[in-house]
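**Q** Provided below are the primary sequence and the corresponding predicted coordinates.
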Amino acid sequence: MSKHLLLCFLFFLSFSQLLLSSCFSFTNSTKICPHGQSLALLHLKKSFSIKNDNDYLESFCFPSYPKIEYWKEGSDCCSWDGVTCDLLTSHVIELDLSCSWLSGTIHSNSTLFLFPHLQSLNLAFNNFRGSSVSVGFGRFSSLMHLNLSHSLFSGLISPEISHLSNLVSLDISGNSGAKFAPHGFDSLVQNLTKLQKLHLSGISISSFFPNSLLNRSSLISLDLSYSGLRGRFPDNDIHLPKLELLYLYGNEDLSGNFPRFSENNSLKSLQTLYLWDCQFSGSIPASLENLTQITSLSISRNHFSGKIPNVFDNLRNLILLELSDNNFSGQLPPSIENLTNLYYLDFSQNQLEGTIPSPVNGFSSLSFLYLGFNLFNGTIPSWLYTLPSLVELDLNHNKFTGRIGEFQFDSLKKIDMSVNELHGSIPSSIFELVNLVYLYLSSNKLSGVLETSKFEKLRNLAHLDLSNNMLSLTMSNNSNSMLPNIERVDFSDNNVSGIWTWNMGKYTLYHLNLSYNSMSGFETQPWKSMQILDLRSNLLQGPLPTPPNSIFFFSVSHNKLSGEISPLICKVSSMQILDLSHNNFGGMLPHCLGNFSKDLSVLNLRRNQFHGIIPQTFLKGNSIRTLDFNNNQLEGLAPRSLIICKELEVLDLGNNKINDTFPHWLGALPKLKALVLRSNRFHGSIGFSKIKSPFMSLRIIDLAHNDFEGDLPEMYLKSLKATMNIDEGNMPRKYMGEAYYPDSINTFTAIDLSNNKFQGEIPECIGNLNSLRGLNLSHNYLTGRIPLSFKNLKMFEFLDLSSNKLSGRIPQELTSMTFLEVLDISHNHLTGFIPQGNQFGTFGNDSYYGNPGLCGFPLSKRCTTD
């Protein structure tokens, strides 16, 4: 036994020595990296700086680090990080510097191009801003893999890249500033016949989709997303038997039908098909069922129509199915129940209808379900409440009825059931969803009393929208610590009453809408981030609540607030929109109200009881767009400092006691669209302006119920260019008067000079204002005839010339006003026939009353020639 062991040991010892000797001999005979290549790599290293400033690194690079920092002179470059050499020749054949924090420009004479034996080059996820895909990249005749993705290349891509005939993989995606020269993409497709992977996402191709790509049997992955493809996608059958991924999304000028797949499994390997954000149309072919290996299908934001085909029996590998934002109609196909591996399902924004089917096996893996903006009806099926992995559920804008069920799992982060016909109370299980971030139940028929204590467990909730329901709210004493991360809350249009005391989201809440309720009081809380606070249309009483200093939108309109406005309001320097209208505020306006915020855009104090003068000081360079002081008791002069409000579009001083002459200096404001001075004590002749073209943007001018006199202001009427030849759309308009609201100024055009002391004839130039919707010159002392030029005012909806001293006939040409709804020419001295035809057949006696010389329909007085 011992002899045998000794022989074995001697044999092992001699074999080990022989093996060691052989290894030592092999190591000594191996060639090291050629000196020239080492120098070239070190020179390349010096041409870059190291900066970790590529936004993609954290998302796509695992790991990312500066590989070239470890390249040291005097060491074998074949051992350097990112460098691979040929085992026999030691030539550098692979260079992988992806995610290496490189920053710098690759010039055409860079030492990067001194490696003729290179087979693989990866420079992805660096910062080569200012570099182009230059002619040097075309010198790598042996190159098989080239990846320059997401490295900020720009400019023209050299045509020489199409000479790399051995390329198997080419990825230049994510370089949005790079583009092919005309026909450059076609040459590349024609010459690189060995390609298995072609990724050009974000590169400007600006070409038609080449037919030859549909028969490239070697292709495995094709990404041409966001590449500017245009024209029509070929209707030919696709023969790409190895293709696993096809991305064409984001080509907004690419149209055509859904790609055709022949029955011989021409795309038998396809796993991912993304066509979203294109212009594809037509129906989905039944041949879709041939894609038996597909796992992800997204065709959203196209123009597909018809019914969703019942083809899902063979597509049981689907994980993602996205058909949103198309024109699909009909019911969901029964075979949808077989997609038991679904993780993401989006059928939103179509015209799908019917009830949601109940699958036999359920969707145990479903995490994201979007069915919003359709016509689904019936009750929400019970299986939706039992999905163990569901993260987001979106059923908004449908016709679902019944009650909301009880959720069985707390995985949900988002629930959107807004704009349906759901009723009953909010289920208690919703308040147990500890991961919930978004809860939208607005515009239903939900009712009941919510206690703020119920929200105790929803510490992750950021958005809460329960608006437009019939909910009441009871605030508990310990509610201040609840919803610590809430950002946006909308309780508007409910039955919330009493005094608001809920201090939710002290550091996070930026939007709180409590409008259209019945609250009698509001206690401002110490919110640090509040930007939008909407309390309008409640029953608030007492003084004005002091808004947080961070706010930019604050509305308490249509309440019962009273008292004076404290100058403390002027400390809110970030204010952009301040609406205190329709209350009982009184006293004098704080002098600082016009200059406390350079960002102030809208100041609305309409329908209060303010008296005294309008603030006289406005900040230079201010942003004021709308000033509404209508229906107060303000007096004095119109502030001359308004001349510095260069952004002013609406100025409403109506229904006050302002005693002034016409503010002709306002004609210099370049953007003024609406000027309302009605029912004040303005007086005198409007006269002429020293400004060459005053009121160039004015669309609405209302000077009614003042003491203006003299002739109608012909010079100003000729300058109203904004009432000439404009496209106003088809928006219906009401007769101008007390109900006028400034927000209609972009399309509505009207002039009201009624109830003054104007005299003389109506200027013919009014006929040039051919986009005018309405004209009211009633209750003046105007004489002469109705201008024949009025025939050009074909957009007229109302015309009131009543209670003047007009004479002569009514021009027959006025029947061309086919939009005219209101006509009043009563109480004048008009004579002759009443024109017939079009809208004139719809007006009654009241339109003509008080003109003894008129005859014909609708008056009982017949004309002598009848």
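**A** Arrived safely.
**Q** What pLDDT is listed against T864?
**A** T864 carries a pLDDT score of 81 in this model.
**Q** please begin residue numbering at 586 from this point
**A** Understood, numbering begins at 586; the last thing we discussed is T1449.
**Q** any idea which helix or strand carries it?
**A** Here T1449 is covered by no helix or strand, with elements defined by DSSP states H and E.
**Q** Excluding sequence neighbours, find me the nearest residue to it.
**A** Nearest residue to T1449, sequence neighbours excluded (CB to CB, 6 or more residues apart in numbering): C1440, at 7.7 Å. Yep, even glycine has a C-beta here, placed from its N, CA and C like the rest.
**Q** Provide the backbone phi and psi angles at that neighbour.
**A** The phi/psi pair for C1440 (degrees, to the nearest 10) reads phi -150, psi 160.
**Q** Tell me what it is bridged to.
**A** Counting by DSSP bridges, C1440 is bridged to F1418.
**Q** Now do it, the pLDDT please.
**A** Per-residue pLDDT puts C1440 at 94.
**Q** can you check S791 too?
**A** Reported pLDDT for S791: 83.
**Q** Next up, the contacts around the residue nearest to it when sequence neighbours are not counted.
**A** Setting aside the residues directly before and after it, S791 is nearest to G813 in space (CB to CB, 6+ apart), at 4.3 Å. By CB atoms under 8 Å, 6 or more residues apart in numbering, G813 lies in contact with 789-792, 836, 838.
**Q** Then S1032?
**A** 1008-1010, 1054-1056.
**Q** Just the buried residues of those residues.
**A** 1054, 1056 (16 or more other CB atoms under 10 Å).
**Q** Out of the contacts of S1032, name the ones that lie in strands.
**A** Among those, the members found in strands (DSSP state E) are 1008-1009, 1055-1056.
**Q** Now do the strands in the stretch 886-1035 of the chain.
**A** For the stretch 886-1035 of the chain, the strands defined by DSSP state E, counting those that start in this stretch cover 888-892, 905-907, 912-915, 929-931, 936-939, 953-955, 960-964, 977-979, 984-987, 999-1001, 1006-1009, 1023-1025, 1030-1036.
**Q** Take those strands and lay them out in TSV including mean pLDDT.
**A** What follows is those, written out as TSV (pLDDT from 0 to 100):
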stretch	mean pLDDT
strand 888-892	97
strand 905-907	98
strand 912-915	98
strand 929-931	98
strand 936-939	97
strand 953-955	98
strand 960-964	97
strand 977-979	98
strand 984-987	98
strand 999-1001	98
strand 1006-1009	98
strand 1023-1025	98
strand 1030-1036	96
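**Q** Can I get the ones you listed in CSV including distance to S1282?
**A** Output for the strands of the stretch 886-1035 of the chain, formatted as CSV (distance: least, CB to CB, whole Å):
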stretch, distance to S1282
strand 888-892, 38
strand 905-907, 45
strand 912-915, 40
strand 929-931, 45
strand 936-939, 42
strand 953-955, 44
strand 960-964, 43
strand 977-979, 43
strand 984-987, 45
strand 999-1001, 41
strand 1006-1009, 45
strand 1023-1025, 40
strand 1030-1036, 45
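**Q** how about those, which one is nearest P701?
**A** Proximity to P701 (CB to CB) singles out strand 905-907 among the strands of the stretch 886-1035 of the chain, at 43.7 Å.
**Q** Pull out the buried positions in that closest one.
**A** In strand 905-907, counting by 16+ other CB under 10 Å, buried: 905-907.
**Q** same deal with stretch 1045-1058?
**A** 1045-1054, 1056-1058.
**Q** repeat for stretch 764-777
**A** Using 16+ other CB under 10 Å as the burial criterion, the residues of stretch 764-777 that qualify are 764-765, 769-771, 773-774, 776-777.
**Q** Now do the helices in the stretch 686-835 of the chain.
**A** Applying DSSP state H, counting those that start in this stretch to the stretch 686-835 of the chain gives helices spanning 769-776.
**Q** Go ahead and name everything in contact with stretch 993-1004.
**A** Outside stretch 993-1004, the residues within contact range by CB under 8 Å, 6+ apart are 952, 957, 965, 970-983, 985, 989, 1014-1015, 1017-1029, 1045, 1050.
**Q** That one spans what distance, first to last residue?
**A** End-to-end distance for stretch 993-1004, by CA to CA, to the nearest Å: 24 Å.
**Q** Name the residues of that stretch that come out as buried.
**A** 996-1004.
**Q** now stretch 1014-1026
**A** Result for stretch 1014-1026 [16+ other CB under 10 Å]: buried residues 1014-1016, 1018, 1021-1026.
**Q** Let's have those in TSV, adding distance to S872.
**A** Listed next are these as TSV, based on distance: CB to CB, whole Å:
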residue	distance to S872
S1014	44
I1015	43
F1016	48
L1018	42
L1021	42
V1022	41
Y1023	39
L1024	42
Y1025	39
L1026	42
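**Q** Next step: the residues you listed restricted to helices.
**A** Among these, no member is found in helices (DSSP state H).
**Q** and stretch 1152-1165, what's its mean pLDDT?
**A** 92.
**Q** what do you get for stretch 1075-1089?
**A** 95.
**Q** got the contact list for it?
**A** With CB under 8 Å, 6+ apart, stretch 1075-1089 has contacts from 1027, 1037, 1049-1058, 1060, 1064-1065, 1067-1069, 1071, 1074, 1096, 1098-1108, 1110-1112, 1119.
**Q** swap in stretch 731-743?
**A** Here stretch 731-743 makes contact (CB under 8 Å, 6+ apart) with 639, 641, 645, 683, 705-720, 722-723, 725, 749, 752, 754-760, 762-766, 769, 784, 788.
**Q** which of the residues in stretch 1180-1197 are buried?
**A** 1180-1182, 1185-1193, 1195.
**Q** And for stretch 865-884?
**A** 865, 869, 872-876, 879-884.
**Q** Ok, stretch 910-921 next?
**A** Buried-residue list, stretch 910-921, by 16+ other CB under 10 Å: 910-911, 913, 917-918, 920-921.
**Q** what's the closest of these to K1205?
**A** Nearest to K1205 among the buried residues of stretch 910-921 is D910, at 46.8 Å by CB to CB.
**Q** Now K1042: phi and psi?
**A** Dihedral angles (degrees, to the nearest 10) for K1042: phi -90, psi -10.
**Q** make that L629, sorry
**A** The phi and psi torsions at L629 (degrees, to the nearest 10) take the values phi -60, psi -40.
**Q** low-confidence ranges in the stretch 1036-1185 of the chain?
**A** 1063-1066 (pLDDT under 70).
**Q** Could you rerun that using 50?
**A** Judged against pLDDT under 50, the stretch 1036-1185 of the chain has no low-scoring part.
**Q** which residues in it form strands?
**A** 1048-1050, 1055-1059, 1073-1075, 1082-1085, 1096-1098, 1103-1107, 1117-1119, 1126-1127, 1138-1140, 1145-1148, 1162-1164, 1169-1173.
**Q** I'd like to know which of the contacts of G813 is nearest to E1294.
**A** D838 (61.3 Å).
**Q** from what I can see that closest one touches R817, true?
**A** No - at 10.1 Å, D838 does not count as touching R817 under the criterion of CB atoms under 8 Å.
**Q** worst-scoring helix or strand of the chain, pLDDT-wise?
**A** The weakest-scoring helix or strand in the chain, judged by mean pLDDT, DSSP states H and E, is helix 587-614 (a mean of 36).
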